[in-house]
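Chemist: Sequence first, then the predicted structure, then my questions.
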Amino acid sequence: MWNVQGAGKQAFMATLREIVRINNPSVIVLVETYLSGEKAQRICDRVGYSGQTRVEAQGFSGGIWLFWKREEVTVTPLEYHGQHLTVEIEKLGEAPWLFSAVYASPDSSIRRDLWRELENARQNFSGPWLLTGDFNETRSMDERHGVGGSEMQRRCINFSNWIEENRLIDLGFYGPKHTWSRGETEATFKSARLDRFMANEEWHLKFEDAVVKHLPRACSDHCPIILSTNGFAPIPASLKPFRFQAAWITHEKFEEFMKNNWNNSTPLIPFLSEFALKLKDWNKVIFHNIFRKKAELWARLEGVQQCLSNKRLNHLIVLEKQLRQEMENVLH
């Protein structure tokens with residue numbers, strides 16, 4: 001799930017491709033997309049997933065896009081609403097469950113309509129139910145920096161009560177505490193945990209190993225969030241398949257490498273195995289391993305954003321901005 005507020009189109013697509021490459025999700029949710037109609041469809045088609053549906057943006061606000069791999073899951077849309085998209089998800093051989101993708105309006109009076117709509121969804125469905133999205137609320141003042149006052153405290157209490165009244169369970173998270181931030185100085189910097197995954201007890205029991213992770217923010221005001229129903233397990237390096245990287249072609253020394261190492265006179269299959277080893281070595285030594293660079297930047301961003309969730313420090317705000325710009329350059 002990702003609120004793409006503040007993301008430029010080119011940076012958004014580059015970051016989304018990187019997230020998909022690393023995590024390979026079966027279902028993707030994008031909220032606050034701002035786009036509708038033909039412009040939205042052109043971008044949706046570029047995402048490359050076989051299944052897609054969406055709630056159109058209202059003017060230049062809102063918008064919820066849902067993508068899924070039809071070869072892995074069946075998605076049946078049930079309700080389209082300006083602030084939520086509710087569908088039924090079914091994996092081959094498993095019982096279906098309800099899924100609501102949410103973008104809550106910043107307007108509190110409009111947001112109340114969403115709470116009523118979601119309550120109706122709960123009453124009309126007795127099985128497992130998962131919700132995710134930007135709720136534009138926090139459960140407590142501990143989930144915020146830079147915004148206070150009695151009105152905000154009242155909102156926190158009301159949102160927490162609504163969660164409890166509807167018997168929802170916050171699935172928690174790993175990673176930086178806050179999912180949204182804005183501001184480039186200590187005086188203007190604000191952050192909060194506006195985005196989350198929640199579920200009813202039936203869903204929680206069905207997927208008791210589910211884990212949520214806040215990924216570092218790169219090109220948006222909000223961080224991407226990924227949920228794995230089976231937990232996260234690293235892929236051993238020995239099991240990762242060799243893949244040709246299109247970025248290699250852009251390197252000034254790649255053509256020279258090809259001329260020196262390609263051989264048409266030997267049997268193709270054994271030659272390709274040998275050539276792949278040489279290419280991996282060239283990638284590490286000459287190309288400087290762009291994937292390692294990206295991994296280092298993701299890790300540094302996560303660390304800085306974790307610190308900013310706890311305390312606003314000007315040098316960290318400046319560093320985060322530099323790292324985000326560097327990541328954008330690397331992804332392009």
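Modeler: Structure received.

Chemist: In this structure Gln32 contacts Gln58, no?
Modeler: To be clear, residue 32 is Glu; Gln isn't right here. No: counting by CB atoms under 8 Å, Gln58 is not a contact partner of Glu32; they are 11.2 Å apart. Where C-beta positions appear, they are placed from N, C-alpha and C, glycine not excepted.

Chemist: Who has more neighbours out of these two?
Modeler: With neighbours defined as other CB atoms under 10 Å, Glu32 and Gln58 compare such that Glu32 has more, 23 against 13.

Chemist: Please give me every residue in contact with that one.
Modeler: For Glu32, the contacting residues are 3-5, 61-63, 103, 134, 222, by CB atoms under 8 Å, 6 or more residues apart in numbering.

Chemist: May I see the ChimeraX selection of the buried members of those?
Modeler: What follows is the ChimeraX syntax selecting those of these that are buried according to 16 or more other CB atoms under 10 Å:
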select :3,4,5,62,63,103,134,222
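
Chemist: closest to Glu119 among the contacts of Glu32?
Modeler: For Glu119, the closest of those turns out to be Tyr103, at 17.3 Å, with distances computed as CB to CB.

Chemist: Could you give the bridge partners of the closest one?
Modeler: Counting by DSSP bridges, Tyr103 forms beta bridges with Asp134.

Chemist: Next one: it relative to Arg54, how far apart?
Modeler: The gap separating Tyr103 from Arg54 is 11 Å, by CB to CB, to the nearest Å.

Chemist: Find the residues that touch each one of the two.
Modeler: Applying CB under 8 Å, 6+ apart, one finds that Tyr103 and Arg54 are jointly contacted by 63-64.

Chemist: low-confidence ranges in the stretch 201-332 of the chain?
Modeler: Applying pLDDT under 70 to the stretch 201-332 of the chain picks out residues 232-247, 250-251, 269, 286-289, 332.

Chemist: What are the boundaries of the strands in it?
Modeler: Listed in chain order, the strands of the stretch 201-332 of the chain (DSSP state E, counting those that start in this stretch) span 211-214, 225-228.

Chemist: any chance of these in JSON lines, with distance to Arg324 too?
Modeler: Listed next are the strands of the stretch 201-332 of the chain as JSON lines, based on distance: least, CB to CB, whole Å:
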{"stretch": "strand 211-214", "distance to Arg324": "15"}
{"stretch": "strand 225-228", "distance to Arg324": "17"}
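
Chemist: could I get the ones you listed as TSV with distance to Met327 and mean neighbour count?
Modeler: Putting those into TSV (distance: least, CB to CB, whole Å; neighbours: other CB atoms under 10 Å) gives the following:
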stretch	distance to Met327	mean neighbour count
strand 211-214	16	19
strand 225-228	17	19
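
Chemist: So for Arg312, which of those sits nearest?
Modeler: With CB to CB as the measure, strand 211-214 is the member of the strands of the stretch 201-332 of the chain nearest Arg312 (18.1 Å).

Chemist: which other residues reach the closest one?
Modeler: Contact with strand 211-214 is made by 171-177, 179, 196-197, 223, 225-228, 231-232, as judged by CB under 8 Å, 6+ apart.

Chemist: Kindly list the longest helix within this structure.
Modeler: With secondary structure taken from DSSP state H, the chain has its longest helix at helix 290-310.

Chemist: List the buried residues in it.
Modeler: Along helix 290-310, these residues count as buried under the neighbour rule (16+ other CB under 10 Å): 294, 297-298, 300-305, 308-309.

Chemist: Now distance to Glu119 too, for those residues, in CSV please.
Modeler: What follows is those, written out as CSV (distance: CB to CB, whole Å):
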residue, distance to Glu119
Lys294, 42
Leu297, 42
Trp298, 38
Arg300, 42
Leu301, 37
Glu302, 35
Gly303, 39
Val304, 39
Gln305, 33
Leu308, 35
Ser309, 31
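
Chemist: ranges for the helices of the stretch 101-250 of the chain?
Modeler: Secondary structure of the stretch 101-250 of the chain by DSSP state H, counting those that start in this stretch: the helices cover 108-124, 150-165, 201-206.
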